[in-house]
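Asks: here is my input; please provide its structure:
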Amino acid sequence: MIDFLVVIIALCLIFDFINGFHDSANSIATIVSTRVLTPFQAVLWAAFFNFIAFKILPAHKVAATVGGIGKPEIVTLTVLAGGLAGAIIWNLITWWKGIPTSSSHALMGGFAGAAIAKGGIAAINMDKISTTLLFIPLAPILGMVMAFAISILVINICKNMAYSKVDKYFRGLQLISSALYSIGHGSNDAQKSMGLVWIALIVTHHAGPNNELPTWVAVSCFSAMGLGTLLGGWRIVKTMGQKITKLRPFEGFCAESAGAATLFGTAALGIPVSTTHTITGSIMGAGLTKGLNAVKWGVAGSIVIAWILTIPASAIMGAAFYFILSYFIGG
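Replies: Here you go, the predicted structure:
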C-alpha cells in the first residue's frame with residue numbers, strides 16, 4: 001500500500017511538472033511577445049513566482065474542492081492513478097500539438113472519469129464539479145471584460161502622453177503584472193494536485209480528513225510546477241502570445257492584471273478555474289480595444305474547441321486507465 005501511495009505522489013508531481021511546462025505559456029507569453037523579457041528571463045521570472053505562491057496565498061480552498069470531486073467511499077489509489085494517468089497523457093498530447101488547453105480541466109476530467117468508471121455517476125459530488133463547469137465559460141469572460149475595462153482606463157489616462165513614454169512605463173509595470181499572474185497561476189494550479197495527494201493520504205490512513213494539509217505536500221507540488229515552468233512549454237507560447245492578437249506592453253500589462261485578479265478571486269473562493277482559459281480571455285479583451293478585427297477569431301475558435309474536448313477526452317482516458325489498472329492490481 002505504501003509503495004502504491006509513493007507512486008500516486010510521484011504521479012501528482014509528474015503532473016505538476018508537466019502542468020508547469022504546458023502552462024508556462026500562460027505566464028510568459030504576454031511578456032515575451034511584447035519583448036519586455038527574453039524567453040529565458042521570462043521563465044525564470046515566472047518559475048520563481050509560481051513557487052513562492054504557496055507562501056503568498058497559503059489557503060488551500062482549491063485543493064479541498066478538487067479533492068472532494070469523488071465521493072470518499074468510492075475513491076481508491078487505483079482511481080487516483082487512473083485519473084492522473086489520463087490527465088498526464090492528454091496534457092502531453094496537447095503540448096505536442098501546441099494547443100493551449102487546460103491542465104486543470106484535464107486533471108478534473110481524468111479524476112472524474114476514473115471515479116465514474118468505478119462507481120457510476122453517483123460517485124461524483126456534483127456540487128463540487130458543477131461550479132467548475134460553470135466557470136469554464138465564466139473565467140475567460142471575466143478575464144476578457146476586466147482586460148477590456150482596464151485597457152480602456154489605461155488608454156484614457158495615457159491619451160496625452162507620448163507613445164515612447166507609455167511604452168517605457170508599461171515595460172516596467174508589466175514585470176509586476178506578470179509576477180502577480182504567475183502567483184495566481186501557481187496558487188490555483190498547484191493546489192489541484194495537492195488535493196489528490198491529500199486524498200491519497202486519507203485513503204491510506206496516513207492522515208485524517210480534519211487534519212491540516214502537510215507543508216511538504218505544498219512545497220513538493222509548488223516546486224514541481226516551478227521546475228516545469230522553468231523548462232518552458234515553447235510550443236504553446238507562440239499561439240498564446242502572437243496568434244490570438246498582437247500585444248504592446250500596456251496591453252500585456254492589462255491582460256496580465258485582469259488574469260491575476262480573476263485567479264486571485266477564484267482561489268480565495270476555492271473555485272478551480274483554468275489559468276489557460278483565463279489568460280486567453282484576458283488577451284482577447286486587451287486586443288478588442290483595437291477593434292473586432294484585431295482578434296484572430298479563427299485561432300480563438302480552434303482553442304475553444306480544444307477546451308470543450310478536454311474534460312470528456314481526459315475523462316475517457318482516466319476511465320480507460322482505471323479499467324486497465326484495476327484488472328491487474330484491483331480497484
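Asks: C-alpha from now on. contacts and neighbour counts both.
Replies: OK.
Asks: tell me the helix or strand right after the helix or strand containing residue 262.
Replies: Taking DSSP states H and E as the definition, one finds residue 262 inside helix 249-269. Tracing the chain past helix 249-269, the next element assigned as helix or strand by DSSP H and E is helix 275-287.
Asks: could you dump that following helix to CSV, C-alpha only?
Replies: This file holds the C-alpha atoms of helix 275-287, laid out as CSV (Å, rounded to 0.1, in the frame of the first residue of the first chain):
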residue,chain,number,x,y,z
THR,A,275,-5.5,29.6,-16.0
THR,A,276,-5.3,28.9,-19.7
HIS,A,277,-8.9,30.0,-20.3
THR,A,278,-8.4,33.0,-18.0
ILE,A,279,-5.3,34.5,-19.7
THR,A,280,-6.7,33.7,-23.2
GLY,A,281,-9.9,35.7,-22.5
SER,A,282,-7.7,38.5,-21.0
ILE,A,283,-5.5,38.7,-24.1
MET,A,284,-8.6,38.8,-26.3
GLY,A,285,-10.1,41.6,-24.1
ALA,A,286,-6.9,43.7,-24.4
GLY,A,287,-6.9,43.2,-28.1
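Asks: make sure residue 192 is actually in contact with residue 68.
Replies: No - here residue 192 does not reach residue 68: they are 10.7 Å apart, not a contact under Cα atoms under 8 Å.
Asks: neighbour-wise, which of the two wins?
Replies: Neighbours were counted for residue 192 and for residue 68 using other Cα atoms under 10 Å; residue 192 has more, 27 against 20.
Asks: do you know the pLDDT at the more buried one?
Replies: pLDDT, the model's per-residue confidence, is 81 for residue 192.
Asks: kindly report the same for residue 59.
Replies: Here the pLDDT value assigned to residue 59 is 60.
Asks: which intervals of the stretch 201-331 of the chain have sub-threshold pLDDT?
Replies: Applying pLDDT under 70 to the predicted model, the residue ranges of the stretch 201-331 of the chain that meet it are 232-245, 294-303.
Asks: how does it look with 80?
Replies: Segments of the stretch 201-331 of the chain classed as low confidence (criterion: pLDDT under 80) are 208-213, 229-247, 274, 276-277, 291-307, 330-331.
Asks: once you drop chain neighbours, what's closest to the residue nearest in space to the middle of the chain?
Replies: For the chain, the residue whose C-alpha lies nearest the mean C-alpha position (Cα atoms, centre = their mean) is residue 275; its distance is 4.0 Å. Closest residue in space to residue 275, ignoring its immediate chain neighbours: residue 185 at 6.1 Å, by Cα to Cα, 6 or more residues apart in numbering.
Asks: tell me who's in contact with the one you found.
Replies: For residue 185, the contact set (Cα atoms under 8 Å, 6 or more residues apart in numbering) comprises 27, 50, 260, 263, 275.
Asks: what does the pLDDT read for the second one?
Replies: Turning to residue 50, the model gives it a pLDDT of 83.
Asks: surely the residue nearest to the centre of the chain meets residue 135?
Replies: No - between residue 275 and residue 135 there is no contact under Cα under 8 Å: 11.2 Å.
Asks: going by neighbour count, list what's buried in the strand or helix carrying residue 108.
Replies: When elements are defined using DSSP H and E, residue 108 is found to belong to helix 103-119. Buried residues in helix 103-119, defined by neighbour count with 16 or more other Cα atoms under 10 Å: 103-118.
Asks: got the phi and psi for residue 91?
Replies: Comment: the main-chain dihedrals of residue 91 come out as phi -60, psi -40, following degrees, to the nearest 10.
Asks: quick one: the nearest residue to it once chain neighbours are set aside and residue 151, what's the gap?
Replies: On the basis of Cα to Cα, 6+ apart, the spatially nearest residue to residue 91 that is not a chain neighbour turns out to be residue 103, at 6.3 Å. Here residue 103 is placed at a distance of 28 Å from residue 151 (Cα to Cα, to the nearest Å).
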